[in-house]
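Visitor: 3D, please:
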Amino acid sequence: MNAVILRDMRTRFFNHGLGFLVQSLWPLVHMFVILGMSASLGRTAPVGDSPILFFATGIIPALTFIYISRFMCLSLVLNKPMLAFPVVRITDILFGRAFLEVIAGCITLAMVVAIFVCLGVDPMPVDLEQAVLAYMATILLAVGIGTLAGVASLFLPVFVTVYALMGILFYLTSGALFVASNLPDSIAIPLSYNPVIQCTEWMRTAYFETYSNRLLDKEYLVGFGLGSLCLGLLMEKFARGKLLES
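Guide: Below you'll find the predicted structure:
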C-alpha cells in the first residue's frame, strides 16, 4: 500500500511528489468558481448572514464525496498492471488512493478555512463536534461507494465513465446549491434518500442553529456508508480470482 501511495503521488502530476499538492487545488478552484458565480448573480444566503459560508457548507461535503469516490473508481483501472505483482492486492490500490484523496481533501479544507479568515468570514461552526462528524461520515460514504465502484470498474471498465456522469447527478441533487428542506414533501422526501444530501444537511445543521433538520437521518447516512463498504469488500473477496485473471 505504501508503494502504491508513493507511485500515485509521483505519477499524478509533473512526475514529482510535490505535484500531488495540485490535487488539493482542483476542488478548491471548483468551489470558488461556484461561489464566485453565486456572488455575481447576487444570490443571498437562505440561512445565515454569509452567502459564501452557506454555499461552502454544502459544496465541501458534496465535492469531498465526489472526488474521493471517483478517484477510487479510477484507481484499479489506472493501476491494473501493478496487480501482476503477487504482493499487491486490490485493496492496497483502493485504499491507497482513498488515503491520498482524504489527505488532499483535508488540505483543501485547511486552505478554505485560511481563505475565509483572510476574507473576514468566520469559518467556525456553531457545533464543531457535529461538523467534524459530518465530514467523517462523508468520507465514510465516499470510501464505501468508491470501493463498490472500483471493484465494478474492474469487471466493466466503461463503468468509470458511467460513474463520472453519475457524479454530476450526485452534485446537482446534493443540496449544495439549495435548501432541500424548503422543497415540498413530494420532492424533498425522495431527495433525502440520496445519501449525499444527508452529508450537506448534517454539515449545515452543525453550522446554522436555525437550519431545519427535518430531512436529516444520521443513522441512514452512516449505515449506507458502512453497508457500501462491506458490500464492496465482499465483492472483492468472492470475485478476487476472476478479477486477477481478467
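Visitor: ok, which stretches of the chain are helices?
Guide: 2-12, 21-40, 51-78, 90-119, 128-155, 159-172, 185-191, 195-207, 218-238, 240-245 (DSSP state H).
Visitor: Please identify the most buried of those.
Guide: helix 195-207 (a mean of 26; mean count of other CB atoms under 10 Å). The C-beta positions use only the backbone N, C-alpha and C, and glycine is treated the same way.
Visitor: Which strands and helices lie in contact with it?
Guide: Packing partners of helix 195-207 (3 or more CB pairs under 8 Å, 6 or more residues apart in numbering; DSSP states H and E): helix 51-78, helix 128-155, helix 218-238.
Visitor: which one of the ones you listed lies closest to residue 190?
Guide: Comparison of those against residue 190 by CB to CB identifies helix 218-238 as nearest, at 13.7 Å.
Visitor: Pull the residues that contact that closest one.
Guide: The contact list for helix 218-238, computed with CB atoms under 8 Å, 6 or more residues apart in numbering, reads 90-91, 94, 137, 140-141, 143-148, 150-152, 195, 198-199, 202, 243.
Visitor: about what we covered before: now tabulate the helices of the chain in a markdown table and tack on mean pLDDT.
Guide: Shown next, in a markdown table, are the helices of the chain (pLDDT from 0 to 100):
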| stretch | mean pLDDT |
| --- | --- |
| helix 2-12 | 77 |
| helix 21-40 | 75 |
| helix 51-78 | 89 |
| helix 90-119 | 89 |
| helix 128-155 | 93 |
| helix 159-172 | 90 |
| helix 185-191 | 91 |
| helix 195-207 | 94 |
| helix 218-238 | 93 |
| helix 240-245 | 65 |
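Visitor: Just put these in TSV and tack on distance to residue 84.
Guide: Output for these, formatted as TSV (distance: least, CB to CB, whole Å):
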stretch	distance to residue 84
helix 2-12	13
helix 21-40	26
helix 51-78	13
helix 90-119	12
helix 128-155	14
helix 159-172	20
helix 185-191	44
helix 195-207	35
helix 218-238	17
helix 240-245	9
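Visitor: Quick one, which of those gets closest to residue 178.
Guide: Judging the helices of the chain by CB to CB, what sits closest to residue 178 is helix 51-78, at 8.3 Å.
Visitor: follow-up on the earlier one: for the helices and strands packed on helix 195-207, give me a markdown table that also has distance to residue 166.
Guide: A markdown table is the format used below for these (distance: least, CB to CB, whole Å):
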| stretch | distance to residue 166 |
| --- | --- |
| helix 51-78 | 9 |
| helix 128-155 | 9 |
| helix 218-238 | 14 |
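Visitor: Out of those, flag the one nearest residue 185.
Guide: Here helix 218-238 is closest among those (CB to CB), at 17.1 Å.
Visitor: Compute the inter-axis angle for the closest one and helix 128-155.
Guide: Inter-element angle recorded for helix 218-238 and helix 128-155: 30 degrees (by axes from the mean of the first three to the mean of the last three CA atoms, to 10 degrees).
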